[in-house]
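> Any chance you can model this:
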Amino acid sequence: MRGQAVALTMVLIGSATPATAQSAQAAEEPRTAEEFIETARAAYSVIDRREPCATPVGNEIVVCRQRIDPESQRLPSPTERANALGERPPDPIPDAPYVLGLPECGIEVVCHRIGSAPTPIYIIDLEAIPEPLSPEEAALVIRAEEAPGGTASPGAASPAAAP
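You can find the predicted model right below:
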C-alpha cells in the first residue's frame with residue numbers, strides 16, 4: 001500500500017502542471033508530497049468496516065477474523081436451479097466431474113498401454129517335498145541309474161561294489 005502511494009506520488013509530482021487557470025495564490029504555492037499522498041489516500045483508500053478486535057487481557061492471544069455469510073459464497077447446483085423453477089432436473093443422479101485435467105482414456109484420446117501382466121507367482125507346498133536321501137542312499141541311486149543296460153540289480157548298486 002505504501003509503495004503504491006509513493007509510486008502514485010511520483011507520477012502526480014511529475015505531471016503537476018496546472019491544466020486550468022487557478023487562483024494566483026494556488027499557482028504560487030506548489031503542493032507538497034504529503035498533500036499529494038493525502039489526496040491519493042482519500043481517492044484510493046478502502047473504507048474499513050471491520051469491527052475492532054477485543055484487547056487482550058493478561059497472557060491472552062486474541063484472534064480476529066471477518067465473518068462471511070456462507071450463503072453469499074455458494075452457487076446453486078443445476079438440480080437446485082431446476083427445482084426452484086419447478087422443472088425436471090437435467091440429470092436426477094449427477095455424476096462427479098472429471099477433475100484430473102487429462103483427456104479421458106478411450107473417450108477423448110486413443111490409449112496406449114505399456115508393459116504386460118506380471119509373471120504368475122506359484123505356490124509351493126513345502127510339506128509335500130520328500131525328505132532328502134542320506135549320502136549312502138544317494139550313491140546307490142546314482143550307481144543304479146548308471147548301470148549298463150539300463151537295469152540294475154540291488155547287488156550291483158551296493159556300496160561295496162563301488163570302484
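> Every contact and neighbour count from this point should use C-alpha atoms.
Will do.
> where does residue 84 land in three-state SS?
Assigned by DSSP: H, G, I helix; E, B strand; the rest coil, the conformation of residue 84 is helix.
> Tell me, how many residues neighbour it?
When neighbours are counted by other Cα atoms under 10 Å, residue 84 registers 12.
> Any figure for the gap between it and residue 93?
Applying Cα to Cα, to the nearest Å, one obtains 17 Å for the distance of residue 84 from residue 93.
> so who does residue 52 touch?
For residue 52, the contact set (Cα atoms under 8 Å, 6 or more residues apart in numbering) is empty.
> Distance of it relative to residue 44?
Distance, residue 52 to residue 44, using Cα to Cα: 22 Å.
> ok, now residue 81?
Using Cα to Cα, residue 81 is found at 39 Å from residue 44.
> more crowded one of the two?
Just comparing residue 81 and residue 44: by other Cα under 10 Å the higher neighbour count belongs to residue 81, 14 against 10.
> is it true that residue 137 lies in a strand?
No: going by three-state DSSP, the assignment for residue 137 is helix, not a strand.
> what pLDDT does it get?
pLDDT recorded at residue 137 is 84.
> What is the neighbour count of it?
Residue 137 - counted by other Cα under 10 Å - has 13 other residues nearby.
> how close does it sit to residue 128?
When Cα to Cα is the yardstick, residue 137 and residue 128 sit 20 Å from each other.
> Quick check: phi and psi on residue 101?
Backbone torsions for residue 101, taken as degrees, to the nearest 10, come to phi 90, psi -10.
> sorry, that was for residue 62
phi -100, psi 130.
> ok, and the closest non-adjacent residue to it?
Taking Cα to Cα, 6 or more residues apart in numbering, and ignoring the residues beside it in sequence, residue 62 has residue 56 as its nearest neighbour in space, at 5.9 Å.
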